[in-house]
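**Student:** I need the structure of the sequence given here:
(chains A and B)
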Amino acid sequence: MLDPKLLRESPDLVRAAIAKKHLEVDLDAVLAIDAAWRTQLQAVEALRGAQKSANTAMAALPKGTPEFVAKVAEMKAVSAQVKKAELRLKETEEKFRAAMLTVPNLPHASVPEGRTPEENVVFSLHGAHGEPRPHALPHWEIPGFEKLFDFARGAKVTGAGFPFFIGDGARLVRSLLQFFLEEDGRAGYVEVSPPIFVNAASATATGQLPDKEGQMYETTPDRLFAVPTAEVPLTNFFRDEILDEAALPVMRCAYTPCFRREAGSYGKDVRGLNRVHQFDKVELLKWVHPSTSYVELDKLRDDAERLLRKLELPYRVLLMCGGDLGFAQSKKYDLEVWAAGQKRWLEVSSCSNFESFQARRAQIRYRPKDTGKPELVHTLNGSGLAVPRVLAAILENNLQPDGRVKIPAVLVPYFGKEHLSFA
RNA sequence: GGAGAGGUGGCAGAGUGGUCUAAUGCGCGCGCUUGGAAAGCGCGUGUAGCCGAAAGGUUACCGGGGGUUCGAAUCCCUCCCUCUCCGCCA
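**Tutor:** Residues are numbered from 1 along each chain as shown, chains lettered A, B, ... in the order given. You can find the predicted model right below:
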């Protein structure tokens, strides 16, 4: 959520931000509700004030005296007025909150102009993605693929998009997770193993609710939500808390399975491991001092990039343009790995600075030493990394003429051998 | 799952219908005292919204929500959480 004061005092700034993101928001309506809310608030406060002073006076009167009885009658009317005014105020408040949730976060000045994904800026390129690989195949066409990645059995047991990982396939998943967590730990992130179901309050604080309800798996009868990313439980860890300034930046990483219904997806995007309903991911989170959040974003991105470099996979970094930035982000980089068989880029990490947008909704603050007045932290997150697409890229880029897949050197200690075999 | 007891400020802990803008203690901050320190003494010490140029004013908040009442931390309903005992269990 954006700061209501900013909207009130600098509506043009917000208008410009919305334009840069190519979104449509009825700001005038939001401002009108805000004005109405403030008028109503003052009316309620005046009535409550009258009630309080009458209460003090009545406390000094003996009960049952004519004065007391008269006062009761008088305040009965005020009480009815208060109830009415408070109800109206509450309704307006809810409207205002709902309206504020339609206002996106401001893009950072360094975010390029642009409307579509094509206008994202290629920030950097790494590795020989253009080099010809005569043996390369889309991973799902590699002979023996279905022995290690069994989509048919998964569909029978659960549904489409819930594959079984078997033998060397399962082993490679485990190796990647272990490698990610070890590297992230070395980079300073404290490992956390969070709950993989969250309640409605948590899903609301990170923005999954109310709009994206249909994208999550929901349990009955407890109404818990299977996490779409570890970002949800991790961000909520400090919800409604005030952190020590000296503790910033707080850095954490977490592995969780991630669950996404992905309603409406189709086509080549969903072939093989490109898009599944359940996948493993390690997420990186930072809670930082507002003055350092862009330096921390660059570090976070580099932490994610390092994993791809060590895996010796060709990748590129995109700087998202205003139109492709997302509602809550101020600035975002996507890391895309090259899948040599499909001859396309696959997103494996998205590194974002939310500034105080998420922190405001979740009420995560720190106490500055000088003023002592709590201020909102800035929150950042990024994948480090998502397993299935990295796995797909390894299969496609490292497929040998003999049909085996060469395991990246850095993974060999975890995988235990130098090649993955489909036999 | 069953039975019981609880949830009050940074912490401990009073408060069972009316100056509660919540006693008291601890902690923390500032000052006095001292050669210096401790002790002692004095003052201060929550969060948020709104009004205001500011000084300041005002309202809300005693686990969440709802209700009763002229008036609720206090009474009622409901949900959540914690603790104790029992049952079940990897």
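**Student:** CA atoms for contacts and neighbours, from now on please.
**Tutor:** OK.
**Student:** How many residues are close by A:Ile33?
**Tutor:** Burial measure for A:Ile33: 18 neighbouring residues, criterion other Cα atoms under 10 Å.
**Student:** Shouldn't it be within a helix?
**Tutor:** Yes. Applying DSSP: H, G, I helix; E, B strand; the rest coil, one finds A:Ile33 inside a helix.
**Student:** and the closest residue to it other than its chain neighbours, what does it touch?
**Tutor:** The shortest distance from A:Ile33 to any residue other than its chain neighbours is 5.9 Å, reached at A:Phe96 (Cα to Cα, 6 or more residues apart in numbering). Contact analysis of A:Phe96 by Cα atoms under 8 Å, 6 or more residues apart in numbering lists A:30, A:33-34, A:37.
**Student:** my guess is A:Phe96 is in a strand, correct?
**Tutor:** No. Remark: A:Phe96 does not belong to a strand; assigned using three-state DSSP, it is helix.
**Student:** Tell me how far it lies from RNA strand B.
**Tutor:** 12 Å (Cα to the nearest atom of the strand, to the nearest Å).
**Student:** remind me which residues of the stretch 1-150 of chain A are low pLDDT?
**Tutor:** For the stretch 1-150 of chain A, applying pLDDT under 70 flags no range at all.
**Student:** all helices for it, in order.
**Tutor:** Under the criterion DSSP state H, counting those that start in this stretch, the stretch 1-150 of chain A contains helices at A:4-9, A:11-20, A:27-60, A:66-100, A:145-148.
**Student:** Now do the buried residues in the fourth one.
**Tutor:** The reference is to helix A:66-100. Neighbour-count burial for helix A:66-100, with 16 or more other Cα atoms under 10 Å as criterion, is recorded at A:68, A:71-72, A:75, A:78-79, A:82, A:85-86, A:89, A:92-93, A:95-97, A:99-100.
**Student:** for the third one, same thing?
**Tutor:** Buried residues in helix A:27-60, counting neighbours by 16+ other Cα under 10 Å, are found at A:27, A:30-31, A:33-34, A:37, A:40-41, A:43-44, A:47-48, A:51, A:58.
**Student:** The first one too?
**Tutor:** Taking 16+ other Cα under 10 Å as the basis for neighbour counts, the residues of helix A:4-9 that come out buried are A:4, A:7.
**Student:** Next, see if it gets close to RNA strand B.
**Tutor:** Yes. For helix A:4-9, a contact with RNA strand B is found by Cα under 7 Å from any atom of the strand, at A:4-5.
**Student:** pretty sure A:Asp184 is touching A:Asp302, no?
**Tutor:** No. The pair A:Asp184 / A:Asp302 is not scored as a contact, 11.1 Å apart, by Cα atoms under 8 Å.
**Student:** Which one of these two is surrounded by more residues?
**Tutor:** Comparing A:Asp184 with A:Asp302 by other Cα under 10 Å, the one with more neighbours is A:Asp184, at 26 against 14.
**Student:** Surely that one is in a strand?
**Tutor:** No. Remark: A:Asp184 does not belong to a strand; assigned using three-state DSSP, it is helix.
**Student:** For the stretch 151-300 of chain A, just list every one of the helices.
**Tutor:** Residue ranges of the helices in the stretch 151-300 of chain A, as given by DSSP H, counting those that start in this stretch, are A:151-157, A:168-186, A:200-205, A:231-236, A:293-310.
**Student:** and those helices, which is most packed in?
**Tutor:** Comparing the helices of the stretch 151-300 of chain A by mean neighbour count (mean count of other Cα atoms under 10 Å), helix A:231-236 ranks first with a mean of 23.
**Student:** Give me the packing partners of that one, helices and strands only.
**Tutor:** Contact partners of helix A:231-236 among helices and strands, from 3 or more Cα pairs under 8 Å, 6 or more residues apart in numbering; DSSP states H and E: helix A:200-205, strand A:278-288.
**Student:** and that helix, how far out from the chain's middle?
**Tutor:** With Cα atoms, centre = their mean, to the nearest Å as the basis, the distance from the averaged C-alpha position of helix A:231-236 to the chain average is 8 Å.
**Student:** Near RNA strand B, which residues of the stretch 251-400 of chain A are found?
**Tutor:** A:372-375.
**Student:** from the buried residues of helix A:27-60, which are also near RNA strand B?
**Tutor:** Applying Cα under 7 Å from any atom of the strand to these, one finds that A:41, A:44, A:48, A:51, A:58 fall near RNA strand B.
**Student:** Compute the distance between the third one and A:Glu141, please.
**Tutor:** Same thing as A:Arg48. Counting by Cα to Cα, to the nearest Å, the separation of A:Arg48 from A:Glu141 is 72 Å.
**Student:** repeat for A:Pro233
**Tutor:** In this view, A:Pro233 and A:Glu141 are 37 Å apart by Cα to Cα.
**Student:** Kindly report the same for A:Ala392.
**Tutor:** When Cα to Cα is the yardstick, A:Ala392 and A:Glu141 sit 11 Å from each other.
**Student:** Compare those two and say which one has the larger neighbour count.
**Tutor:** Taking neighbours as other Cα under 10 Å, A:Ala392 and A:Glu141 compare with A:Ala392 leading, 24 against 14.
**Student:** Report the distance from the helix or strand harbouring that one to the chain centre.
**Tutor:** If you go by DSSP states H and E, A:Ala392 is part of helix A:387-397. Between the mean C-alpha point of helix A:387-397 and the mean C-alpha point of its chain there is a distance of 23 Å (Cα atoms, centre = their mean).
**Student:** Pull the distance from the helix or strand just after that helix to the chain's centre.
**Tutor:** Elements were assigned by DSSP H and E; along the chain past helix A:387-397, the next helix or strand is strand A:405-406. Between the centre of strand A:405-406 and the centre of its host chain there is 34 Å, according to Cα atoms, centre = their mean.
**Student:** Strand A:405-406 packs against which elements?
**Tutor:** Counting contacts by 3+ Cα pairs under 8 Å, 6+ apart, strand A:405-406 packs against strand A:419-420.
**Student:** The strand it packs on pairs with which strands, and in what direction?
**Tutor:** In the sheet containing strand A:419-420, its partner strands are strand A:405-406 (antiparallel), by DSSP bridges.
**Student:** What does the residue nearest to A:Pro138 when sequence neighbours are not counted show for phi and psi?
**Tutor:** Excluding its sequence neighbours, the residue lying closest to A:Pro138 (Cα to Cα, 6+ apart) is A:Gly341, at 4.1 Å. As for A:Gly341, its main-chain torsions (degrees, to the nearest 10) stand at phi -80, psi -40.
**Student:** so who does A:Gly341 touch?
**Tutor:** A:Gly341 sits next to A:136-139, A:396-397 when contact means Cα under 8 Å, 6+ apart.
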